[in-house]
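Sequence isn't available, so here's the structure alone:
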Ligand SMILES: [Zn+2]
């Protein structure tokens with residue numbers, strides 16, 4: 001999570017959210033910050049960029065056995081993307097009551113109608129992750 005926090009502010013004009021993906025052996029496959037403003041791409045959330053980079057690094061879309069660590073509770077798009085990528089473990093920091101899709105507004109990652117449910121660890125370094133966001137919006 002400290003590594004995810006360190007990539008959260010790579011684009012100064014974007015909301016600071018950082019994501020990293022670890023392979024089954026714990027090596028880092030990808031890291032990304034939110035780049036929506038930087039690139040003008042509505043899908044350029046940290047999680048989606050990290051998933052794309054990790055898939056490119058391993059050479060396939062299935063990221064079974066991998067762990068996604070992100071500083072903020074994923075939205076519906078990112079929760080859907082990480083389920084599609086078959087991420088095995090999701091770790092997130094701060095809760096996002098307005099758009100969160102891992103328990104706050106929806107619970108996409110634990111929906112039994114989908115064919116894959118990652119293991120979830122919520123609230124890791126929650127205070128630090130939330131403080132970074134509060135600092136941005138002040
Ligand atoms: Zn998202």
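Perfect, thanks for sending it. Computed from a predicted model, the values in this text were never measured in an experiment. Numbers count the residues shown, from 1 in each chain.

Stretch 9-24 near the ion anywhere?
No - Stretch 9-24 lies apart from the ion when judged by Cβ under 5 Å from the ion; the minimum separation is 7.9 Å. C-beta here means a position set from N, CA and C on the backbone, and glycine is covered the same way.

Just give me how far that stretch sits from the chain centre.
Computed by Cα atoms, centre = their mean, to the nearest Å, the separation of stretch 9-24 from the middle of its chain amounts to 8 Å.

Tell me which residues of that stretch come out buried.
Buried residues in stretch 9-24, counting neighbours by 16 or more other Cβ atoms under 10 Å, are found at 9-11, 14-23.

before we move on, what about stretch 106-117?
Quick answer for stretch 106-117 (16+ other Cβ under 10 Å): 106, 108, 109.

measure residue 15 to residue 126 for me?
According to Cβ to Cβ, to the nearest Å, residue 15 stands 17 Å off from residue 126.

and residue 123, how many neighbours?
Neighbourhood size, residue 123 [other Cβ atoms under 10 Å]: 14.
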